[in-house]
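Peer 1: Quick one: sequence plus predicted model below, questions after.
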Amino acid sequence: MKIAYFDMFSGVSGDMILGALADCGVPLEVLKETAGDLGLKDVKINLSRGEIQGIAAVKIDIESGETHSHRSFNAIRDMIRKSTLAEEVKETAVKIFQRLGEAEARVHGVELEKIHFHEVGAVDSIVDIVGAVAAFYHLGIKKYYASAFRVGSGFVEIAHGRLPLPVPATVELIEGCPVERTQVQAELTTPTGAAIVSTLVRKEDFLPAGPFTFNSVGYGQGTRRLADRPNLLRIALGEEAESLKDTQAAVMLECNIDDMNPQYYGYLMDQLFEAGALDVFFTPVQMKKNRPGIMLQVLTDNVKLQDLARIILTESTTIGVRYHGVNRIVLARETKEVETPWGNFHIKVVTLPDGSRRARPEFEDLRQAAQRTGLPLLEIAGRLDAYLNKTES
């Protein structure tokens, strides 16, 4: 499966995405045809190559004779839908503009239909968004990963006046994603860039990507020169093994506890699972002064990180929680109900890397069947395992 990884060490903008994709080998003609399909007249798309702090990169500039840049979400949506672009490109591009419109609507406190895009309604921003989607479609990308968003400090002048960085629309768009605030006095992440990346990348995939093979890397130039870093976006393209059905980024929270009543651990585990933890486990450890203790480890996705940390700090005696990113390889799975000679069971069916399938019943159904039939739990479990896996193979 083909994937793309956004490495946003200097933020992200629409033109930087196009530049990086062009550097990865997307023909300029793809962008020109996209503008033509949208019915945008007198648009010039220029590509130039340069070097930023020793790194060769591509700069994309879009010129238009347009004298106004105010368009409603409905007007942009209709423009995309009436085009001759692939349906997948249309659907994704409209989704990006809708998220952008909803972010603007929340900022201004109005309905989506009343939003008129200013900078983002201009021809260059439309080409940035739809062109990026068309370019990824041209490359056959099926899945996206990203690093944390980097945002700048200070203020920026836009159509609405002088606003703090990141601008309110960007803040709305990157909500729930990992963000690193820098001291760079510039707009590193623009609403256009934030909208594209936060729509394409699932929130749980805003951490280092799982195992895959790079086959190309492209760099897109930003407009400004930054003092402390190259103003570039890096996009890496690669292949993810088809046998590994899903590679997911996750977060591991940890803390050591040596002064809590053991009776309370069960309640703490229940609270963490109810809040969405993927896994919770306790490991005996020897702590300072050779005191026995427990290391609590909680696996979760980035979205639930803060909520689970709050539960640990509230429901246990620890005074601190550490966390770090991890990757996990997850088999494709489904849950269904099946009828067997011993009754109905809810079973989980997983697909192994070689394509074979394995089925396991829910324990509660197994326990009830043992009580209902009078058979020993081990015996009915063995019979059911043979029956299910013969059926699923």
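Peer 2: Yes, it's here.

Peer 1: how does this protein divide into domains?
Peer 2: The chain is divided into the following domains under automatic domain parsing: 2-244, 247-330, 333-392.

Peer 1: got the ones you listed as JSON lines, with mean neighbour count and mean pLDDT columns?
Peer 2: From N, CA and C alone the C-beta is placed, and that goes for glycine too. Converted to JSON lines, these look like this (neighbours: other CB atoms under 10 Å; pLDDT from 0 to 100):
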{"stretch": "domain 2-244", "mean neighbour count": "19", "mean pLDDT": "90"}
{"stretch": "domain 247-330", "mean neighbour count": "15", "mean pLDDT": "93"}
{"stretch": "domain 333-392", "mean neighbour count": "14", "mean pLDDT": "86"}
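
Peer 1: longest helix of this structure?
Peer 2: Criterion DSSP state H: the longest helix present in the chain is helix 87-108.

Peer 1: which residues touch that one?
Peer 2: 73, 76-77, 80-81, 83, 85, 111-112, 114-115, 117, 120, 129-130, 133-134, 137, 168-169, 172-173, 191-192, 195-196, 198-200 (CB atoms under 8 Å, 6 or more residues apart in numbering).

Peer 1: Check which element follows that helix along the chain.
Peer 2: strand 116-117 (DSSP states H and E).

Peer 1: Quick check: next helix or strand after that following strand?
Peer 2: helix 123-139.

Peer 1: Remind me what that next one packs against, helices and strands.
Peer 2: strand 2-7, helix 14-23, helix 28-37, strand 43-52, strand 55-64, helix 73-81, helix 87-108, helix 191-200 (3 or more CB pairs under 8 Å, 6 or more residues apart in numbering; DSSP states H and E).

Peer 1: which stretch among the ones you listed comes nearest residue 289?
Peer 2: strand 2-7 (44.1 Å; CB to CB).

Peer 1: ok so, going back, how about the helices and strands packed on helix 123-139 in TSV, adding distance to residue 235?
Peer 2: As requested, those are exported to TSV (distance: least, CB to CB, whole Å):
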stretch	distance to residue 235
strand 2-7	6
helix 14-23	4
helix 28-37	15
strand 43-52	15
strand 55-64	11
helix 73-81	23
helix 87-108	16
helix 191-200	10
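
Peer 1: got the contact list for residue 144?
Peer 2: Going by CB under 8 Å, 6+ apart, residue 144 touches 3, 4, 5, 6, 197, 200, 201, 202, 205.

Peer 1: Which residue comes closest to the residue nearest the centre of the chain once chain neighbours are left out?
Peer 2: Geometric centre of the chain, nearest residue: residue 202, 2.6 Å, by CA atoms, centre = their mean. In this structure, residue 202 finds its nearest non-sequential neighbour in residue 144, 7.8 Å apart by CB to CB, 6 or more residues apart in numbering.

Peer 1: element containing residue 255?
Peer 2: Residue-wise, residue 255 maps onto strand 246-257 under DSSP H and E.

Peer 1: Parallel or antiparallel, which strands does that strand pair with?
Peer 2: strand 292-300 (antiparallel), strand 322-330 (antiparallel) (DSSP bridges).

Peer 1: what separates residue 250 from residue 102, distance-wise?
Peer 2: 28 Å (CB to CB, to the nearest Å).

Peer 1: next one: residue 389
Peer 2: Distance from residue 389 to residue 102, by CB to CB: 47 Å.

Peer 1: ok, now residue 167?
Peer 2: 15 Å.

Peer 1: now do residue 297
Peer 2: Counting by CB to CB, the gap from residue 297 to residue 102 is 37 Å.

Peer 1: Over to residue 52?
Peer 2: 34 Å.

Peer 1: and what of residue 150?
Peer 2: 23 Å.

Peer 1: rewinding a little: convert the C-alpha atoms of the longest helix of the chain to CSV, please.
Peer 2: Extracted C-alpha coordinates of helix 87-108, given in CSV (Å, rounded to 0.1, in the frame of the first residue of the first chain):
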residue,chain,number,x,y,z
GLU,A,87,-14.8,11.4,-8.1
GLU,A,88,-12.3,10.5,-5.3
VAL,A,89,-10.5,13.8,-5.9
LYS,A,90,-13.7,15.8,-5.8
GLU,A,91,-14.9,14.1,-2.6
THR,A,92,-11.7,14.7,-0.7
ALA,A,93,-11.2,18.3,-1.9
VAL,A,94,-14.8,19.2,-0.9
LYS,A,95,-14.2,17.6,2.5
ILE,A,96,-11.1,19.7,3.0
PHE,A,97,-12.9,22.9,2.1
GLN,A,98,-15.8,21.9,4.4
ARG,A,99,-13.5,21.4,7.3
LEU,A,100,-11.9,24.8,6.5
GLY,A,101,-15.4,26.4,6.3
GLU,A,102,-16.5,24.9,9.6
ALA,A,103,-13.4,26.1,11.3
GLU,A,104,-14.0,29.7,10.0
ALA,A,105,-17.7,29.4,11.0
ARG,A,106,-16.7,28.5,14.6
VAL,A,107,-14.2,31.4,14.8
HIS,A,108,-16.8,33.9,13.5
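
Peer 1: Run the chain-centre distance for stretch 10-27.
Peer 2: Chain-centre distance of stretch 10-27: 18 Å, with CA atoms, centre = their mean, to the nearest Å.

Peer 1: Just the CA trace of that stretch, in PDB.
Peer 2: Extracted in PDB, the C-alpha atoms of stretch 10-27 (Å, rounded to 0.1, in the frame of the first residue of the first chain):
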ATOM      1  CA  SER A  10       9.100  24.100   9.600                       C
ATOM      2  CA  GLY A  11       5.300  23.900   9.400                       C
ATOM      3  CA  VAL A  12       3.100  23.500   6.300                       C
ATOM      4  CA  SER A  13       1.400  25.500   3.700                       C
ATOM      5  CA  GLY A  14      -0.500  24.700   0.500                       C
ATOM      6  CA  ASP A  15       2.300  25.800  -1.800                       C
ATOM      7  CA  MET A  16       4.900  23.900   0.200                       C
ATOM      8  CA  ILE A  17       2.800  20.700  -0.200                       C
ATOM      9  CA  LEU A  18       2.700  21.300  -4.000                       C
ATOM     10  CA  GLY A  19       6.400  21.900  -4.200                       C
ATOM     11  CA  ALA A  20       7.300  18.800  -2.200                       C
ATOM     12  CA  LEU A  21       5.000  16.700  -4.400                       C
ATOM     13  CA  ALA A  22       6.500  18.200  -7.600                       C
ATOM     14  CA  ASP A  23       9.900  17.300  -6.100                       C
ATOM     15  CA  CYS A  24       8.600  13.700  -5.600                       C
ATOM     16  CA  GLY A  25       8.000  13.500  -9.300                       C
ATOM     17  CA  VAL A  26       4.400  14.800  -9.900                       C
ATOM     18  CA  PRO A  27       4.400  16.400 -13.300                       C
END
